[in-house]
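# coords please:
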Amino acid sequence: MSRPPVGPCWYAVHTKPFKEVLVAALLEERLTLQVFLPEALQRYRGRMEMRPFFPRYLFVEADLAQIEVSAINALPGIIHLVSFGGVPQPLPLAVIEGIRERLAAINAAGGLPSHGFNPGDRVRLTDGPLAGLEAVFQGPMRPSQRVKILLEFLGRLQTLEVPPEYLEPVRETPPTPSSRRTTRGRGRRIHDRKAKSNG
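Just a heads-up that it's a prediction; the model follows:
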């Protein structure tokens with residue numbers, strides 16, 4: 001196993017369902033670690049409330065040279081630190097800051113919007129490294145699919161699934177009706193045989 005980075009780093013924590021708030025409290029109280037639980041205003045059961053943006057995930061800042069990974073993983077509600085090849089994967093600080101900024105903008109705008117996309121609709125990405133690219137919407141987006149954005153930040157995803165607020169519809173430009181030709185060229189008129197036969 002590779003040695004952990006020197007000094008405090010941010011790590012993603014995978015939790016059991018609906019245990020994000022409990023895990024955040026335990027990490028702070030028992031291990032005195034700094035925690036970031038991304039939350040966004042979302043409509044839930046008919047009302048807007050703050051809910052985890054990445055269901056079953058949160059972030060913790062820890063120096064794994066000073067605290068054992070097992071001490072974190074052993075807390076109630078935690079499945080494990082997100083690891084690849086058995087090694088906890090540190091997150092760049094820019095990713096944490098980017099998520100904070102994005103959530104601040106979403107919440108300031110009133111929360112996560114509902115979307116009206118249907119499978120097959122053409123959409124355009126409005127945010128992230130692929131902003132401006134067009135795609136075809138494949139299916140309804142569930143909150144849990146935002147987790148794939150987190151893993152994409154870690155460089156481990158091959159396919160891209162994004163929250164609906166990253167998408168906008170692509171408006172198809174209706175074809176302009178072509179004006180009907182009335183001459184064959186050199187002033188020779190086109191006679192409508194159908195109209196002539198009906199006349």
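# got the domain ranges for this structure?
Per the record, the chain has its domains at 7-110, 113-170, by automatic domain parsing.
# reformat these as CSV; add mean pLDDT.
Below are the domains of the chain laid out as CSV (pLDDT from 0 to 100):
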stretch, mean pLDDT
domain 7-110, 92
domain 113-170, 62
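# could I get those domains in CSV, plus columns for mean neighbour count?
C-beta coordinates here come from the backbone N, C-alpha and C atoms, glycine included. CSV is the format used below for the domains of the chain (neighbours: other C-beta atoms under 10 Å):
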stretch, mean neighbour count
domain 7-110, 16
domain 113-170, 14
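# which residues of this structure fall in strands?
Using DSSP state E, the strands found in the chain span residues 9-15, 34-36, 39-44, 47-52, 57-62, 78-81, 83-84, 87-88, 90-91, 122-125, 134-136, 167-169.
# dump these into JSON lines; add distance to Ala104 as well.
As requested, the strands of the chain are exported to JSON lines (distance: least, C-beta to C-beta, whole Å):
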{"stretch": "strand 9-15", "distance to Ala104": "18"}
{"stretch": "strand 34-36", "distance to Ala104": "12"}
{"stretch": "strand 39-44", "distance to Ala104": "10"}
{"stretch": "strand 47-52", "distance to Ala104": "13"}
{"stretch": "strand 57-62", "distance to Ala104": "16"}
{"stretch": "strand 78-81", "distance to Ala104": "26"}
{"stretch": "strand 83-84", "distance to Ala104": "29"}
{"stretch": "strand 87-88", "distance to Ala104": "27"}
{"stretch": "strand 90-91", "distance to Ala104": "18"}
{"stretch": "strand 122-125", "distance to Ala104": "21"}
{"stretch": "strand 134-136", "distance to Ala104": "26"}
{"stretch": "strand 167-169", "distance to Ala104": "20"}
